[in-house]
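Participant: just coords:
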């Protein structure tokens, strides 16, 4: 995974990838949050026979297209969701880059280059390069949702939102989208289950025409719509009846979280806007001192010094702005999307449960066809149990990630701000030192030399 | 102490030479660090700063409130260039030609036996002056209508330099802004060659959104109080102005002061043309230095206005950045309620964001002082221009008088010799309607000769006046320049210091916040 420019600080894993936070979602196992990328092996209890290191057992992998119609024994299904992932075993590296514009008679669209490097056996080659457009990503997401209705599928960047003045094909928009798509694929790659999804593999490896033909197979748009409609309808009908407490808690949590993260999104954008306005005004401020110096004699030099200092501080402000835009805004936005996804996942779980509940009710009323119903109910019970376990495990995982991501993002923003203030203080101190010698008073502190480089030509200090 | 009127002559040197210290220029002040009491912290503190009872809140040294910045230059040594206006309008000013009309070149004028006031003598050293309070009052104005105004308490106390232990009594009286204006107008008319310190603005200008433009707003009143005190200190430390009786009475005599001022009849002496800013006077030979100075004062005014406007906008934006962070606090707090491990970190980080948002109020209030210091010099630019204008007017009058004299002389000559050199209506009519009798001519010549003599005397005195004015005005201008350069440097330094302090606060808050985020 290529390194994306990171500020000094706690070493961060590649975007979307985590060192070691996949945790056993089994009741009884104690998850140990390890949120640094330093490779530490997650210790687990050898006595827990239920736990299995998730191996590259192809039989399991092929069976991972988990759809309701496939009969799979409960234990094997449960096993799918308990594992550990060691960083040394990370074997799938994906990058999304190089946006390119394509113009046809009908439309204009952008494709992105998706490069995959892997050592996994089930991949024929160890390196793939394909081009994908946004539609393809949408397709992948919907396939994953279909296959794993109660797993938390990472969010995709929005289709096109008229937010601010960003145009559909502006560089800013494309770059933001590219980063989000990159994150999307990496999150899937890091997900213990989704990473082995067949459609995911095809997405990464198939040539354009192969992908098109593959897309045409499988349940069409209408049936997917039908599923969604049923899901919504059933949740309205009251899939909440026998909902385990845990999921009610999750629901309550998500409602509050969703609200807060949206507010946070607004605040973060507002801060960015204010910082940008401040920067715009500052740009005009320095030159006035230069203009003034032209009328003066004795204080001309001092005024020029002030002008130069202000200009440098202005650049520092610009950096701070950029840092906010890079480190905080995308993270918060991703979690805004996540909150919607999670609400959807909880609804789907409720829907699966309500299927069971309605069958149970029907059984209670109709004493006939007992055996037939029992078998169906048995299957549904399994289904519900799997769904619940899947969700629970993924939920824990998601929470861990969220905690990590938030902490990391806000820490970076703090670092940004610290660096900004240190820079400004240093430039100002140096200006005082150079331009106002002899007039300084006790408050002046020596410049922190380590960050500075004296530029003899311009006669000033540069912050490195 | 005598009131110095315009008519008195000769005007003494406006600025005392510092006989005991080497000439202080900004070039050597940096190395020496000496020469000025307030360039280094080691200078003797102002009485205002010494924390004596009745002293105002201590302020960082270098602010305009710190007085005693007069007499930095030794203008006696720098002779002002003699300005020579010849009878004929075409003559150019030259520096060394002796006057034909008896006007003595400035270098020949006797040096003053005693300077107007040395730094030690100026009023500010002898007397502590503060404007300590402001009070809202209601009263009846001239038209017997009720009005609200603010009155300011001026406290004065003699400085006991020897006996530190003694506490002399404090005298005080109340004055309102209009009385300050009256005082200043009086000084402007009475000392046209002096760059008279400006008053704080009448109405709040260059305000950013949080500051009120209302004259009754307590913050505005407070800043005005400081500005008025600064004005008094400036006047009290000016070598010439501090000796003025009317000024002294302003500080010490509550009743009857207005009458006293009006009795001086200064309003009558005021040249209305000075106020007519738009009128241009065709001055043929103004002193180039004054022309340049007027140009400079225009530039200074323009650039400082621009600076203040942009600064106000920058302050506005900075306020926005800080305040918006305050929104974090509440949402973090609400979010922390649903989190287990993240809760504490979030909550405490939110608190720090609140601290951050609140810190901008103090920061910007301090920065307002910087704006006030700039504003003072914005208004000083006008005072500077007034002196230049006075010179222009004097020069104009001089040139008009010289012109008039020339034409009279010509007339006289024509009458005497009978030749007509220039066209005149009289000449034409006399040619057409017959010449005058010799008696008539004689009479005319006599009248003219009298007028010419008068005119020559007047021209002489105007010339002298003009030169004295230039000399003393330029001396005060040099004093002013040094003061300005010093004050502006100090202002820039204190601005930079404020910046650094703001950064340190920011660093502290974000370090704390980072720690909290780390615990999330």
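Facilitator: Ah, there it is. These numbers come from a predicted model, not from an experiment. Numbering: from 1, shown residues only, chains lettered A, B, ... in the order given.
Participant: drop to CA atoms for contacts and neighbour counts, all remaining ones
Facilitator: Noted.
Participant: mind showing which ranges of the stretch 151-300 of chain A have poor pLDDT?
Facilitator: Applying pLDDT under 70 to the stretch 151-300 of chain A flags the ranges A:161-169, A:218-241.
Participant: if we go to 90?
Facilitator: Segments of the stretch 151-300 of chain A classed as low confidence (criterion: pLDDT under 90) are A:158-174, A:176, A:206-246.
Participant: Okay, helices next: where are they in it?
Facilitator: Ranges of helices within the stretch 151-300 of chain A are A:171-190, A:198-205, A:208-216, A:221-238, A:245-293, A:300-327, based on DSSP state H, counting those that start in this stretch.
Participant: cool, and chain B?
Facilitator: With helices called from DSSP state H, chain B shows them at B:26-32, B:123-126, B:177-190, B:218-236, B:245-252, B:257-263, B:266-269, B:272-275, B:288-336, B:343-417, B:425-433, B:438-518.
Participant: Just the mean pLDDT for stretch A:103-121, thanks.
Facilitator: The pLDDT scores in stretch A:103-121 average 89.
Participant: got the contact list for that stretch?
Facilitator: For stretch A:103-121, the external contacting residues (Cα atoms under 8 Å, 6 or more residues apart in numbering or on different chains) are A:91-102, A:125-134, A:178, A:204-205.
Participant: Filter those down to just the buried residues.
Facilitator: Buried subset of the contacts of stretch A:103-121 (neighbour count, 16 or more other Cα atoms under 10 Å in any protein chain shown): A:92-97, A:99, A:127-132, A:134, A:178, A:204-205.
Participant: Just the ones of those residues in helices?
Facilitator: Short answer: those in helices (DSSP H) are A:134, A:178, A:204-205.
Participant: can you redo those residues as TSV with distance to chain B?
Facilitator: Putting those into TSV (distance: Cα to the nearest Cα, whole Å) gives the following:
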residue	distance to chain B
A:134	33
A:178	28
A:204	35
A:205	39
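Participant: with these in mind, which one is nearest to residue B:136?
Facilitator: Comparing those against residue B:136 with Cα to Cα places residue A:178 closest, at 64.1 Å.
Participant: What residues does the stretch 401-520 of chain B have near chain A?
Facilitator: B:485, B:488-489, B:492-493, B:496-497, B:499-500, B:503-504, B:506-507, B:510-511, B:513-514, B:517-520 (Cα under 8 Å from any Cα of the partner chain).
Participant: if you set the cut-off to 10 Å instead, what comes out?
Facilitator: Contact residues, the stretch 401-520 of chain B versus chain A (Cα under 10 Å from any Cα of the partner chain): B:481-482, B:484-486, B:488-490, B:492-520.
Participant: Sketch out the low-pLDDT regions of the stretch 301-450 of chain B for me.
Facilitator: In the predicted model, the stretch 301-450 of chain B carries pLDDT under 90 at residues B:341, B:365-366, B:392-393, B:396-397, B:400, B:404-450.
Participant: can you tell me the distance between the two ends of stretch A:290-304?
Facilitator: One end of stretch A:290-304 sits 5 Å from the other (Cα to Cα, to the nearest Å).
Participant: Distance-wise, check residue B:323 relative to residue A:398.
Facilitator: For residue B:323 relative to residue A:398 (Cα to Cα), the value is 33 Å.
Participant: Residue B:200 contacts residue B:232, correct?
Facilitator: No. Residue B:200 is not in contact with residue B:232 according to Cα atoms under 10 Å; the separation is 11.1 Å.
Participant: between those two, who's got more neighbours?
Facilitator: Neighbour count, other Cα atoms under 10 Å in any protein chain shown: between residue B:200 and residue B:232, residue B:232 has more, with 26 against 21.
Participant: surely that one meets residue B:242?
Facilitator: Yes. Using Cα under 10 Å, residue B:232 is in contact with residue B:242, at 9.5 Å.
Participant: what touches both of those two?
Facilitator: Counting by Cα atoms under 10 Å, 6 or more residues apart in numbering or on different chains, the common neighbours of residue B:232 and residue B:242 are residue B:124.
Participant: Tell me which residues touch residue B:141, please.
Facilitator: Applying Cα under 10 Å, 6+ apart to residue B:141 gives the contacts B:147-148.
Participant: how far away is it from chain A?
Facilitator: Residue B:141 sits at a distance of 43 Å from chain A (criterion: Cα to the nearest Cα, to the nearest Å).
Participant: So which bits of the stretch 151-300 of chain B are right by chain A?
Facilitator: So the stretch 151-300 of chain B meets chain A at B:295-297, B:299-300 (Cα under 10 Å from any Cα).
Participant: Top of these by number of neighbours, please.
Facilitator: residue B:297 (24 neighbours).
Participant: can I assume it is in contact with residue B:481?
Facilitator: No. Using Cα under 10 Å, residue B:297 is not in contact with residue B:481, being 11.4 Å away.
Participant: Narrow the contacts of stretch A:103-121 to those in strands?
Facilitator: A:92-102, A:127-133 (DSSP state E).
Participant: filter these by proximity to chain B?
Facilitator: Subset of the ones in strands among the contacts of stretch A:103-121 in contact with chain B: empty, counting by Cα under 10 Å from any Cα.
Participant: residues contacting residue 314?
Facilitator: No chain specified, so I'll use chain A. A:278-286, A:308, A:320, A:424.
Participant: my bad, chain B
Facilitator: A:277-285, B:208, B:308, B:320 are the contacts of residue B:314 under Cα under 10 Å, 6+ apart.
Participant: quick one: which of those residues is nearest residue B:446?
Facilitator: residue B:308 (63.1 Å).
Participant: number of nearby residues for that closest one?
Facilitator: Residue B:308 sits with 22 neighbouring residues when counted by other Cα under 10 Å.
Participant: The closest residue in space to it that isn't next to it in sequence and residue B:309: what is the separation?
Facilitator: Nearest in space to residue B:308, with sequence neighbours left out and distances taken as Cα to Cα, 6 or more residues apart in numbering or on different chains, is residue B:206 at 6.2 Å. Distance, residue B:206 to residue B:309, using Cα to Cα: 6 Å.
Participant: Now list whatever residues contact both of those two.
Facilitator: Residues touching both residue B:206 and residue B:309 (Cα under 10 Å, 6+ apart) are residue B:371.
Participant: sorry, back to before: now the ones in helices among the buried ones among the contacts of stretch A:103-121 in a markdown table, with distance to residue A:355?
Facilitator: As requested, those are exported to a markdown table (distance: Cα to Cα, whole Å):
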| residue | distance to residue A:355 |
| --- | --- |
| A:134 | 34 |
| A:178 | 39 |
| A:204 | 35 |
| A:205 | 37 |
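Participant: what pLDDT does residue A:453 get?
Facilitator: At residue A:453, pLDDT is 50.
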